[in-house]
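*Asks:* Sequence and predicted structure below; questions after.
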Amino acid sequence: MAARGTQGGLRSARGEATHGSRHTPVLLASVLEHLQPKDGAAYIDGTFGAGGYTRAILEAANCRVLAIDRDPSAIAGGADLTAAYPDRLVLRQGRFSELQDIATEASFGEVDGVVFDLGVSSMQLDEPERGFSFQSDGPLDMRMSREGPSAADLVNTLDEAELADILFHFGEERKSRAIARAIVRARKQKPLSRTFELAQVVSQVLGGRKIEGRHPATRTFQALRIAVNDELGEVAAGLAAAERLLKPGGRLVVVTFHSLEDRIVKRFLAERAGKTGGFSRHLPQAAQQRAESFRIINQRPVTPDQNETAANPRARSAKLRAGERTEAPSWPLDPSALGVPQIAR
């Protein structure tokens with residue numbers, strides 16, 4: 001879970017360091033190195049955010065970019081960049097699962113590259129009214145698209161077992177049952193509607209001390225944010241959409257910031273590159289013999305160097321994985337095979 005950064009700036013789960021008005025995404029040079037932007041090519045930035053990757057791609061080559069974000073505020077914030085590249089940049093609001101439909105509508109057929117920079121953006125964390133962070137008090141919201149059930153809806157309506165499952169599977173919180181029990185007990189007195197209220201409930205359960213250098217509510221907030229936005233399901237859907245959209249030789253570049261995201265990306269590329277011994281117990285027998293649809297570019301994930309982590313300490317958890325599309329047909333999507341937790345709600 002991302003939170004406000006240190007005095008050196010703000011870092012989000014999307015890896016942007018804020019310095020003045022410019023946002024510098026983590027691993028930017030490595031993203032460009034693996035994406036290899038070329039003149040006349042077409043690219044998709046699936047996580048526009050503050051526009052850092054999109055701007056860099058447009059500056060690296062005379063190419064076209066379709067940039068997508070599910071947050072309407074991010075799209076509105078990209079007006080200046082669109083004005084600077086009116087014939088080369090298309091901005092659209094939408095989810096990863098809508099990627100192919102958005103690309104078709106925007107006249108982007110087969111593309112030469114897709115980049116994802118996963119997680120919540122720094123702008124979202126920096127606005128207390130969005131409810132993503134417990135560093136400032138705000139409504140318990142956490143909705144990236146500002147639509148659908150909020151985090152407050154979840155904590156005040158789900159039963160104890162459902163809450164515990166969310167905290168355990170999406171936050172890897174070992175005290176999930178105790179925290180869920182405390183939430184249910186607290187909401188009987190008064191519905192939980194503010195970020196500070198929830199953080200206090202969690203802190204009381206965990207003793208109020210930092211855990212591995214982090215606020216005790218970190219895992220709970222991560223879990224609720226992931227559940228509210230179906231982040232892991234959307235990641236799996238976005239990877240599958242990218243697979244369908246990439247032309248042979250096209251590049252997929254993904255930057256992750258926590259183990260749940262990274263595990264999905266790693267499994268996706270490994271299975272499709274035949275790096276699982278040609279067998280996955282999660283897949284039907286017929287699918288186990290599918291042709292390899294990707295070649296893995298970097299066998300080990302790229303991580304920030306000391307200079308980058310010194311300038312932006314929260315970038316240290318970032319991992320970049322990349323693959324190159326082959327001519328083989330795309331695979332069907334099986335979220336469970338990629339390690340997406342299946343939680344009954």
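*Replies:* Noted; the coordinates are in hand. Worth saying up front: this structure is predicted, and the values here are computed from it rather than measured.
*Asks:* contacts, neighbours, all on C-alpha from now
*Replies:* Fine.
*Asks:* My guess is residue 229 contacts residue 144. True?
*Replies:* Yes. Residue 229 is in contact with residue 144 according to CA atoms under 8 Å; the separation is 6.7 Å.
*Asks:* Which pLDDT value does the model give residue 282?
*Replies:* At residue 282, the pLDDT value in this model is 53.
*Asks:* Same question for the one 5 residues further on.
*Replies:* Turning to residue 287, the model gives it a pLDDT of 51.
*Asks:* State whether residue 308 and residue 318 are indeed in contact, as I suppose.
*Replies:* No. The pair residue 308 / residue 318 is not scored as a contact, 10.8 Å apart, by CA under 8 Å.
*Asks:* So for these two, which residues contact both of them?
*Replies:* residue 26 (CA atoms under 8 Å, 6 or more residues apart in numbering).
*Asks:* the more surrounded of those two?
*Replies:* Taking neighbours as other CA atoms under 10 Å, residue 308 and residue 318 compare with residue 318 leading, 24 against 15.
*Asks:* Return the residues in contact with the more buried one.
*Replies:* Residues in contact with residue 318, defined by CA under 8 Å, 6+ apart, are 15, 26, 255-258, 303-304.
*Asks:* Could you measure from the closest residue to it other than its chain neighbours over to residue 70?
*Replies:* Sequence neighbours aside, residue 257 is the residue nearest to residue 318 in space, at 4.7 Å (criterion: CA to CA, 6 or more residues apart in numbering). According to CA to CA, to the nearest Å, residue 257 stands 19 Å off from residue 70.
*Asks:* what's the answer for residue 134, then?
*Replies:* The gap separating residue 134 from residue 70 is 22 Å, by CA to CA.
*Asks:* Check residue 185 too.
*Replies:* With distances taken as CA to CA, residue 185 is found 34 Å from residue 70.
*Asks:* So between these two, which is more surrounded?
*Replies:* Neighbours per residue, other CA under 10 Å: of residue 185 and residue 70, the larger number sits with residue 70, 22 against 13.
*Asks:* one step back: in strands, which of the contacts of residue 318 fall?
*Replies:* 255-256 (DSSP state E).
*Asks:* Quickly list the domain ranges of this structure.
*Replies:* If you go by automatic domain parsing, the domain ranges for the chain are 16-122+233-338, 130-229.
*Asks:* Work out for me the element residue 247 sits within.
*Replies:* Take DSSP states H and E as the rule and residue 247 turns out to sit in strand 246-256.
*Asks:* residue contacts, residue 65?
*Replies:* Contacts of residue 65 by CA under 8 Å, 6+ apart are 42-45, 54, 57-58, 88-90.
*Asks:* do residue 68 as well
*Replies:* Contacts here follow CA under 8 Å, 6+ apart; on that basis residue 68 touches 44-48, 75, 91-95.
*Asks:* and what of residue 339?
*Replies:* Counting by CA under 8 Å, 6+ apart, residue 339 has contacts 263-264, 267.
*Asks:* Closest to residue 234 out of these?
*Replies:* Closest approach to residue 234 among the contacts of residue 339 (CA to CA): residue 264, at 10.9 Å.
*Asks:* Need the pLDDT of the residue most central in space within the chain.
*Replies:* Taking CA atoms, centre = their mean as the criterion, residue 118 is the residue nearest the geometric centre of the chain, at 2.4 Å. If you check residue 118, the pLDDT there is 91.
*Asks:* what's the burial count for residue 159?
*Replies:* Count around residue 159 with other CA under 10 Å applied: 15.
*Asks:* Okay, and the residue lying closest to it once chain neighbours are set aside sits in which element?
*Replies:* Excluding the flanking residues, the one nearest residue 159 by CA to CA, 6+ apart is residue 184, at 7.7 Å. Element membership for residue 184, per DSSP H and E: helix 176-189.
*Asks:* Would you tell me what the next helix or strand after that helix is?
*Replies:* helix 195-206.
*Asks:* who does the helix or strand following that next one touch, helix- and strand-wise?
*Replies:* Going down the chain from helix 195-206, the next helix or strand is helix 218-229, by DSSP H and E. Secondary-structure packing of helix 218-229 (3 or more CA pairs under 8 Å, 6 or more residues apart in numbering; DSSP states H and E): helix 151-157, helix 160-171.
*Asks:* any idea how far the residue located most distally from the centre of the chain lies from residue 182?
*Replies:* The centre of the chain is farthest from one residue, residue 189, which by CA atoms, centre = their mean lies 34.7 Å away. Residue 189 sits 11 Å away from residue 182, taking CA to CA as the criterion.
*Asks:* now residue 32: how far from residue 118?
*Replies:* Taking CA to CA as the measure, residue 32 falls 16 Å from residue 118.
*Asks:* And for residue 222?
*Replies:* From residue 222 to residue 118 the distance is 13 Å (CA to CA).
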